[in-house]
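In: have a look at this prediction, sequence included:
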Amino acid sequence: MSGTVDHILDLLRPWGVVGAKRMFGGYGLYRGGVMFGIVADDQLFLKVDDRNAEDYDRENLGPFRYTRGGRTVALSYRAAPDRLLDSGEALQEWAGKAWEAALRAASRERRLRHRER
């Protein structure tokens, strides 16, 4: 695992059990089986929805993007402020909001799948 991922996991330890899985050429961050963050190129990205997007808009933080098949794909994850890697308390607050956004998204996906049956 990268030093950045290890550092993030250490800062989040008081918040709860967080794991990291290799993906996207980086790592997905999970709590309770739900992915709420991505670490790519030593940059942290957190899950965003309409309830926490304003935090990222205020700081002009851009989306996580990657290229697949010659196309750029943007996910609903946005760059976290660098200062979060200096403060476990601040990181835990932002991670909590990201995790809640991820839970809402997972709940919407389950409802959609249920309707398709």
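Out: Structure received. Residues are numbered from 1 along each chain as shown.
In: spatially central, which residue of this structure would that be?
Out: residue 37 (1.9 Å; CA atoms, centre = their mean).
In: would you confirm that residue 100 contacts residue 51?
Out: Yes - under the criterion of CB atoms under 8 Å, residue 100 makes contact with residue 51 at 7.4 Å. Every C-beta, even on glycine, is put in place using the N, C-alpha and C of the backbone.
In: how many neighbouring residues does the closest residue to residue 2 other than its chain neighbours have?
Out: Of all residues not flanking residue 2 in the chain, residue 42 sits nearest, at 6.5 Å (CB to CB, 6 or more residues apart in numbering). Residue 42: 12 surrounding residues under other CB atoms under 10 Å.
In: give me the below-cutoff pLDDT ranges for the protein.
Out: For the chain, applying pLDDT under 70 flags the ranges 109-117.
In: now the strands for it?
Out: Using DSSP state E, the strands assigned to the chain run over residues 19-23, 26-31, 34-40, 43-47, 63-68, 71-79.
In: returning to that earlier point: is it true that the residue nearest to the centre of the chain touches residue 76?
Out: No - here residue 37 does not reach residue 76: they are 11.8 Å apart, not a contact under CB under 8 Å.
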